[in-house]
Each structure stands twice: as structure tokens, then as C-alpha cells.
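**Q** Provided below for reference: sequence and predicted model.
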Amino acid sequence: MKQNIAKVFTFSLLASSISFISCVDNEKNLFDADQLKQIYEETFPVKNIDPDGDWTVSRSVTAHVSVNGDQGVDYKIQIFDADPLSPGSKAKLLAEGTVNQSTTLNVVMDCATALNKVFVARIDEHKRYLVQPVAIENGTVTAHLGDAHYIWIYRSTTSHVEYREC
């Protein structure tokens, strides 16, 4: 009985090996690139696509953030794609870190290529936000929070945001 099973198994293995070998033509490349291109052109729903178009939708941006704050106090830094303090905001967090008066946060983040500015937030130990919009220039964001030029104040008891230019 065991010999019959072994013979059947051996015969099946030999037969399947022969069938696989017979399906391969070693002298020809059976892939036809021109035929594939024709199939794509006939079935793809969008026509007249620029072959030199840039389909990049995201990019890496380097952020350098420093603060002008109390000496020895660490501040949480968050970088958003939209204003996180506006009512109903759906701002997405792009990067975060910690910085103090004597350090700079240097971080690389991914963001949409269409994004031309980010919102950098400095958060103190009382959860108060100081948010500054910063332009993305040549793939770089440079922010110095606490500068006298732009002050955004967030009152933690209300959703009121006050902007003053000094």
C-alpha cells in the first residue's frame, strides 16, 4: 500500500514538472510591451495625460523653531497645516517637539506640496497657545516665537483669539 502511494506521488510530481516545463518557451520573450501600452490606452478612463507632469503630492520641509520665553522653561512646539485656534478647525499636526530659551527645535516633516504656510504653536505649562503663521520658503520654515512683531493670544477659558501686530 505504501509503495502504491509513493509511486502515485512520484508519478504526479513528474507529470506536473513536465507540464510546467512545456509551458515555457526559453527562446522567446512572451511579454509584449507595445500590446500592454495599447491595452492601457484603450481601457484607461482618462485621456491626454501630460507624461511630463509632476504627480508629487507631498514634500519634506525642514522647520527651525526657537522661542523667546522664560529662562529655564520648556515649551511644547506643535506645527499644524491650518490655524488650530480657529473655530471648527480641522488642523492636522505635522510635527512637534520641545524647546527652551537656549535650544532650537530642528525637525523634518512631510506636508502637502500645495501648502505654502504652516502654523507654529508654542504651548506653555498652563496650556496657553501662542500661534504664528510662517511661510514655507525653499522647503524651510523658520520661526521665532515670542517675537514682538506678531502676538497671538489664546485664552484657555474661551475660544476667543486676539491678534495684535506690534
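**A** In hand now; what should we look at? A quick note: this is a predicted structure, and the numbers were derived from the prediction, not measured.

**Q** State the phi and psi torsions of the spatially most central residue of the chain.
**A** Within the chain, one residue has its C-alpha closest to the average C-alpha position: by CA atoms, centre = their mean, that is Asp110, at 4.0 Å. Here is the backbone geometry of Asp110 (degrees, to the nearest 10): phi -100, psi 140.

**Q** swap in Glu96?
**A** phi -160, psi 160.

**Q** What is the neighbour count of it?
**A** Per other CB atoms under 10 Å, the neighbour tally for Glu96 reads 15. C-beta: built from backbone N, CA, C; applies to glycine.

**Q** ditto for Asp32
**A** 10.

**Q** ok, now Tyr75?
**A** Using other CB under 10 Å, Tyr75 is surrounded by 23 other residues.

**Q** Tell me where this protein has helices.
**A** Ranges of helices in the chain, per DSSP state H, are 2-22, 33-43.

**Q** I'd guessed the residue nearest to the centre of the chain sits against Arg59; true?
**A** Yes - counting by CB atoms under 8 Å, Arg59 is a contact partner of Asp110 at 7.2 Å.

**Q** Show me the beta-bridge partners of Leu93.
**A** Phe80 (DSSP bridges).

**Q** who's Leu109 bridged to?
**A** Leu isn't right for residue 109; it's Met. Residues in beta-bridge contact with Met109 (DSSP bridges): Val61.

**Q** thought it was touching Ser60?
**A** Yes - with contacts counted by CB under 8 Å, Met109 reaches Ser60, the gap being 7.2 Å.

**Q** do you know how far Arg128 is from His64?
**A** Distance, Arg128 to His64, by CB to CB, to the nearest Å: 23 Å.

**Q** hmm, I was thinking of Gln35
**A** Note on Gln35: its distance to His64, by CB to CB, is 53 Å.

**Q** For stretch 115-132, C-alpha coordinates in CSV please.
**A** Output in CSV follows, covering the C-alpha atoms of stretch 115-132 (Å, rounded to 0.1, in the frame of the first residue of the first chain):
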residue,chain,number,x,y,z
LEU,A,115,0.8,74.1,1.5
ASN,A,116,2.6,77.4,1.4
LYS,A,117,2.5,78.2,5.2
VAL,A,118,2.2,76.4,8.4
PHE,A,119,1.0,77.4,11.9
VAL,A,120,3.6,77.1,14.6
ALA,A,121,2.3,76.9,18.2
ARG,A,122,4.2,77.4,21.4
ILE,A,123,2.3,75.9,24.4
ASP,A,124,3.3,76.8,27.9
GLU,A,125,2.8,74.8,31.1
HIS,A,126,-0.7,76.3,31.6
LYS,A,127,-1.8,75.1,28.1
ARG,A,128,-1.8,78.6,26.7
TYR,A,129,-1.1,78.8,22.9
LEU,A,130,1.0,81.4,21.1
VAL,A,131,0.4,80.6,17.4
GLN,A,132,2.3,82.2,14.5
